[in-house]
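Q: here you go, sequence then predicted model.
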Amino acid sequence: MISKARKISNYRELKKELPSKRYVDPEFVYLSLTTNRCGDYHLDVEENDYVKFGQVIGERSGGFFKQPIYSTCSGHVEKVVEKYDGTGFKGKFLTIRNDFKDLPCETVQDRPDSVIDKFTQKDYVEIVKDRGIVGLGGSGFPSYVKLQTEEKIKHVVINAVECEPYLSSDYRLIKDHPEKVLDGLKYIMKAVGAETGVIAIKKDKKILIEVLEREIKRYKDLDIRIAKLANYYPQGWEIETFKNALGIKVPVGELPMKYGILGFNVSTTASIFNAVKHNYPITKRHMTINGDAIKFPQSIRVRVGTSVKDLIKLCDGFVDDVEKIDLVSGGPMMGTSVPTEDIVITPTTTSILAFKHIEHKEEPCVRCGSCVYSCPVEIQPVQIMNAVKRNDKAALEKLEAKKCIECGLCAYVCTSKIHVTDYVRKGKQMIG
């Protein structure tokens, strides 16, 4: 009998209780000038200039928004080079030779709580915008856009589900720095006037729940609670998270703000705290190096701009018996295949996974219906695939291909080893 897929195998789970390794002092950092969202940029520095930690060195532009570019270390400016980022995008990066001093820019100064307590929504928005804070769960969407909403927000939900296998960056951030997550939540709630704050987390993460429950006791003036969610995939999809944490169902394609909900990722929340309290841009992040082709998987605290090559060396390289390796940035279900280990850690890089390459022979579809039963948005992936093969745009519209969240379940459950998700992704692109 065909049933709905709800669990994703974690073949090599990283022991999350192992402490995060710190690697914040690479010889060179590479700062992204162009991204898949921002194609234009200008620089305020030249080769051989000296820059400080947290200094604005330029600005990138992406349609309706601009983002400041910050140096994540102190040192001397070198050449602009081409490298890949974690999305698989080949962009331009500015090289900084690290002097290992972290001499801070004059703007990097702590704000007293007495000053922060008087902030308005506009103040929070300006700080988050000025510090270039973006969604660190992988979206890269400017966080100030959410914070400046004019909708009445009742609930702020911090998504701590981290539902894909192999990943541990959010886990380690909460374990190591719960106070940053809670203070960040406090700032967001005050910025939008929210009544309640909810941290949504899988109920099987008992150690984290204990850590958070202990920390929450310090926030007696705020209504903050933990929502303990079931362990299934894709529990971390925000619509699923909101439904199970709040009992509110947000229709696919509609903005949660219309329903009084504002959602943020754990790492984004901590970065908002750093921006408000310390006036920091995003300079470091937790991330995971894992997969069956890595000798010693690690949770690592890294400086933004670090080369993945250096991090793989830190994990003692690849296993000895591997001939060909598949590299994935992000989770195995929704991540992006990347062509080389010469990748740069950007703010949105949550993980790098290295797998031993396995050849799969694609067989004809047997019409088992597994992809349809398992689809969380209740569309028909196999019919969309057939429409893509026929180049039938009208059928793709009728089949609501745009509703796909690219969770990867249809490809995961396919008994014929068909890359169904790729076909649906192409269908979405065909209808624009």
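A: Yes, it's here.

Q: and the next element down the chain from the helix or strand containing Tyr412?
A: Following DSSP states H and E, one finds Tyr412 within helix 409-413. Next along the chain after helix 409-413, taking DSSP H and E as the criterion, comes helix 420-431.

Q: show me where pLDDT drops low in the chain?
A: 1-7, 9-17 (pLDDT under 70).

Q: domains of it: list them as residue ranges, please.
A: Domains of the chain are assigned by automatic domain parsing as 23-98, 113-278, 370-431.

Q: ends of the second one, what's the gap?
A: It refers to domain 113-278. Counting by Cα to Cα, to the nearest Å, you get 11 Å between the two ends of domain 113-278.

Q: the residue nearest the centre of the chain and Asp422: what is the separation?
A: The structure's the chain has its C-alpha centroid closest to Gly137; by Cα atoms, centre = their mean the separation is 1.8 Å. Applying Cβ to Cβ, to the nearest Å, the value for Gly137 to Asp422 is 22 Å. (Glycine included, C-beta is placed from N, CA and C.)

Q: all helices of the protein, in order?
A: If DSSP state H is used as the criterion, the helices of the chain fall at 113-116, 121-130, 143-147, 169-176, 178-192, 206-216, 238-246, 266-278, 308-314, 370-374, 381-390, 393-398, 409-413, 420-431.

Q: OK, contacts around Asp99?
A: By Cβ atoms under 8 Å, 6 or more residues apart in numbering, the residues touching Asp99 are Cys73, Ser74, Gly75, His76.

Q: what residues are up against the residue lying closest to Val372 once chain neighbours are set aside?
A: Closest residue to Val372 apart from its sequence neighbours, by Cβ to Cβ, 6 or more residues apart in numbering: Gln380 at 5.4 Å. When contacts are counted by Cβ under 8 Å, 6+ apart, Gln380 touches Cys371, Val372, Leu399.

Q: just among those residues, which is most surrounded?
A: Cys371 (28 neighbours; other Cβ atoms under 10 Å).

Q: nearest spatial neighbour of that one, skipping sequence neighbours?
A: Residue nearest to Cys371 in three dimensions, not counting chain neighbours: Cys410, with 3.7 Å by Cβ to Cβ, 6+ apart.

Q: can I get the contacts of Gln380 in CSV with distance to Val250?
A: Listed next are the contacts of Gln380 as CSV, based on distance: Cβ to Cβ, whole Å:
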residue, distance to Val250
Cys371, 24
Val372, 23
Leu399, 22
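
Q: coming back round to it: Pro178: which of the contacts of Asp99 is nearest?
A: Nearest to Pro178 out of these is Cys73 (Cβ to Cβ; 26.8 Å).

Q: quick one: that closest one and Val81, what's the gap?
A: Note on Cys73: its distance to Val81, by Cβ to Cβ, is 16 Å.

Q: next one: His286
A: To Val81, His286 is 26 Å away according to Cβ to Cβ.

Q: more neighbours: which of the two?
A: His286 (25 against 14).

Q: ok, that one - contacts?
A: Per Cβ under 8 Å, 6+ apart, neighbours of His286: Ser20, Ser169, Asp170, Arg172, Leu173, Asp176, Ser267, Ser299, Ile300, Arg301, Val302.

Q: so the second one is in contact with Ile289, correct?
A: Spelled out, it's Ser169. No. When contacts are counted by Cβ atoms under 8 Å, Ser169 is not listed as touching Ile289 (10.2 Å).

Q: quick one: common contacting residues for the two?
A: Common neighbours of Ser169 and Ile289, counting by Cβ under 8 Å, 6+ apart, are Ser351.

Q: nearest residue to Trp237 in space, please, no chain neighbours.
A: Spatially, and ignoring its direct neighbours in sequence, Trp237 is nearest to Ile405 (5.9 Å; Cβ to Cβ, 6+ apart).

Q: hmm, that neighbour is touching Pro376, no?
A: Yes. Here Ile405 lies in contact with Pro376, judged by Cβ under 8 Å, at a distance of 6.9 Å.

Q: what is the neighbour count of the residue lying closest to Tyr30 once chain neighbours are set aside?
A: Spatial nearest neighbour of Tyr30, chain neighbours left out: Phe93 (3.9 Å); criterion: Cβ to Cβ, 6+ apart. A count of nearby residues for Phe93, using other Cβ under 10 Å, gives 22.

Q: wait, which of the contacts of Asp99 is closest to Ile272?
A: In terms of Cβ to Cβ, no member of the contacts of Asp99 lies closer to Ile272 than Cys73, at 22.0 Å.

Q: show me what contacts that closest one?
A: Cys73 touches Val29, Phe53, Ile96, Asn98, Asp99, Asp102, Thr283, Arg303, Gly305, counting by Cβ under 8 Å, 6+ apart.

Q: put the buried members of those residues into a PyMOL selection.
A: Of those, the buried ones can be selected in PyMOL as follows, counting by 16 or more other Cβ atoms under 10 Å:
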select buried, resi 29+53+96+98+102+283+303+305
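
Q: from the contacts of Cys73, which land in strands?
A: Residues from the contacts of Cys73 lying in strands, with DSSP state E as the criterion: Val29, Ile96, Asn98, Arg303.

Q: so the first one touches Asp310, yeah?
A: Going back to what we said before, that points to Val29. No. Applying Cβ under 8 Å, one finds Val29 not in contact with Asp310, separated by 10.5 Å.

Q: what's the separation between the nearest residue to Asp316 once chain neighbours are set aside and Tyr171?
A: Using Cβ to Cβ, 6+ apart and skipping the chain neighbours, the partner closest in space to Asp316 is Lys295 (4.1 Å). Separation of Lys295 from Tyr171 (Cβ to Cβ): 21 Å.

Q: the two: which has the busier surroundings?
A: Between Lys295 and Tyr171, counted using other Cβ under 10 Å, the more crowded position is Tyr171 (24 against 12).

Q: restricting to C-alpha, output stretch 77-86 in PDB.
A: The C-alpha trace of stretch 77-86 is given here as PDB (Å, rounded to 0.1, in the frame of the first residue of the first chain):
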ATOM      1  CA  VAL A  77      42.200  44.800   0.100                       C
ATOM      2  CA  GLU A  78      43.400  42.600  -2.700                       C
ATOM      3  CA  LYS A  79      41.900  41.700  -6.100                       C
ATOM      4  CA  VAL A  80      38.300  41.100  -7.200                       C
ATOM      5  CA  VAL A  81      38.000  37.400  -8.100                       C
ATOM      6  CA  GLU A  82      35.300  35.100  -9.400                       C
ATOM      7  CA  LYS A  83      34.100  32.300  -7.100                       C
ATOM      8  CA  TYR A  84      31.000  30.200  -6.400                       C
ATOM      9  CA  ASP A  85      28.700  31.000  -3.500                       C
ATOM     10  CA  GLY A  86      26.500  28.500  -1.700                       C
END
